[in-house]
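[1] Quick check, what structure comes out for this input:
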Amino acid sequence: MKLVKFRIPEGRDVHQFLEEEIKRLGLRNGAITGIGGLSEAIIGIYDGEKYHEIPIRPREPFIIEIGSLLGNYSYDDKGLRIHIHVILATYTEKGYKVYAGHLIKSRVKPFVEIELYEQ
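    The predicted structure is shown next:
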């Protein structure tokens, strides 16, 4: 097993950055873990038929803390597939909230630390 560690810098989207790095490094199949912070996120909750998108925007000056980021990556006939689940926490206009679901879009702030475990 090969371990690759890096930080995703502020302002980047987690999925987009991971796709670029996985391709650049020539990785094919493995697991993803991470922690860090986001300035905004969209998570998806699946109801058995479709995803419902939930936007998360923290109240200033807070960020969204990533309590857990777990996922995997692999290739199929359509190309690279990245599948990530997250547990996120922040203060919103409705108070302290915790969210869990599929990470769809994000903006990193201040950084996200990633570990890729290539199988």
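
[2] Identify all contacting residues around stretch 59-72.
    Where contact means C-beta atoms under 8 Å, 6 or more residues apart in numbering, the residues beyond stretch 59-72 that reach it are 14, 30-41, 56, 58, 82-93, 98, 103, 109-110, 112, 114. Using the backbone N, CA and C atoms, a C-beta is placed for each residue, glycine as well.

[3] In strands, which of the residues you listed appear?
    Residues of those located in strands (DSSP state E): 30-41, 56, 82-92, 98, 103, 109-110, 112, 114.

[4] Show me which of these are buried.
    Buried by 16 or more other C-beta atoms under 10 Å: 30, 32, 34, 36-41, 56, 82, 84-86, 88-90, 103, 109, 112, 114, out of those.

[5] list the helices and strands the helix-or-strand element of the chain with minimal mean pLDDT packs on?
    Using mean pLDDT, DSSP states H and E, the weakest-scoring helix or strand in the chain turns out to be strand 51-56, at a mean of 94. On a contact count with 3 or more C-beta pairs under 8 Å, 6 or more residues apart in numbering; DSSP states H and E, strand 51-56 meets strand 30-46, strand 79-92, strand 95-118.

[6] and the angle from that strand to strand 95-118?
    Interaxial angle, strand 51-56 versus strand 95-118 (axes from the mean of the first three to the mean of the last three C-alpha atoms, to 10 degrees): 120 degrees.

[7] Okay, angle between strand 51-56 and strand 79-92 too, please.
    40 degrees.

[8] which residues are in contact with strand 51-56?
    With C-beta under 8 Å, 6+ apart as the test, strand 51-56 has contacts from 38, 40-46, 64, 88, 90, 92, 97, 99, 101-102, 104.

[9] tell me the angle it makes with strand 30-46.
    Using the same axes, to 10 degrees: strand 51-56 against strand 30-46 is 100 degrees.
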